[in-house]
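A.B. asks: My questions are about this predicted structure, shown below with the sequence.
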Amino acid sequence: MEGSYRVYSLLDSINKKFGPHDFGRLCQIFLGVTFKNMGYTISLFQLSGRPDMIIVKNNNGFCIEVKAPTCTEVTLKKEDIDGVRNQGYPPVICVNTYPEVKPIWLFLDANRMKAGTFRSSSLEKYHLKQIQDEINKVFPKILEKYHENSLNGVDSLRRILDEL
């Protein structure tokens with residue numbers, strides 16, 4: 001419980017300092033840093049455009065669109081879903097559940113999804129449980145480690161990602 005509230009507290013401080021746009025960008029970079037710490041190579045990483053990232057480890061990978069809303073619902077556009085399909089890797093929509101009190105990353109099978117606005121609790125049927133569980137074990141440590149850097153802005157945290 002304490003750890004998950006800590007994740008909320010750290011994410012909340014980032015959102016309060018930067019607002020929704022840069023909050024989303026910082027969450028995306030934090031996710032990239034988490035993947036790199038888990039031994040993934042990031043073959044594509046972009047803060048605008050689709051997909052947001054393509055990650056690979058041991059010839060397995062994912063094509064990812066990241067969503068980090070600052071409200072209790074997430075909107076997925078047709079372009080978000082189509083943008084991760086047919087890229088050579090399983091298409092995934094990653095949604096951070098902040099501002100829930102116990103925020104986690106949801107990993108969702110984009111092949112099974114349609115555009116729309118969703119509460120995170122309604123997305124469970126699309127979960128890719130194994131990778132989701134792995135990320136949510138590592139992400140809090142990465143958030144804790146690089147939180148101070150993130151308070152210096154997107155460029156500061158992006159430099160860390162690029163140097164890993």
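C.D. replies: Nice, I can see it.

A.B. asks: ranges for the helices of this protein?
C.D. replies: Along the chain, the stretches classed as helices by DSSP state H are 2-37, 78-82, 129-150, 154-163.

A.B. asks: Let me have the ones you listed in TSV, extended by distance to I55.
C.D. replies: Bear in mind the C-beta positions are built from the backbone N, C-alpha and C, glycine included. Converted to TSV, the helices of the chain look like this (distance: least, Cβ to Cβ, whole Å):
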stretch	distance to I55
helix 2-37	5
helix 78-82	17
helix 129-150	10
helix 154-163	12
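
A.B. asks: mind checking which of those is nearest K114?
C.D. replies: Nearest of the helices of the chain to K114, taken as Cβ to Cβ: helix 78-82 at 7.4 Å.

A.B. asks: pull the longest strand from this protein.
C.D. replies: Longest strand in the chain by number of residues (criterion: DSSP state E): strand 60-67.

A.B. asks: So which of the helices of the chain is nearest Y89?
C.D. replies: helix 129-150 (11.9 Å).

A.B. asks: How many neighbouring residues does the residue nearest to V101 when sequence neighbours are not counted have?
C.D. replies: In this structure, V101 finds its nearest non-sequential neighbour in Y8, 5.5 Å apart by Cβ to Cβ, 6 or more residues apart in numbering. By the measure other Cβ atoms under 10 Å, the count of residues near Y8 is 17.

A.B. asks: do I54 as well
C.D. replies: For I54, the count of nearby residues is 20 (other Cβ under 10 Å).

A.B. asks: how about it, what does it touch?
C.D. replies: For I54, the contact set (Cβ atoms under 8 Å, 6 or more residues apart in numbering) comprises I42, S43, L44, G61, F62, C63, I64, Q87, Y89.

A.B. asks: Compare those residues and tell me which has the most neighbours.
C.D. replies: When neighbours are taken as other Cβ under 10 Å, the top entry among the contacts of I54 is I64 (28 neighbours).

A.B. asks: What is the neighbour count of V56?
C.D. replies: V56 has 16 neighbouring residues, counting by other Cβ under 10 Å.

A.B. asks: ok, it touching S43?
C.D. replies: Yes - V56 lies in contact with S43 (Cβ atoms under 8 Å); the separation is 5.7 Å.
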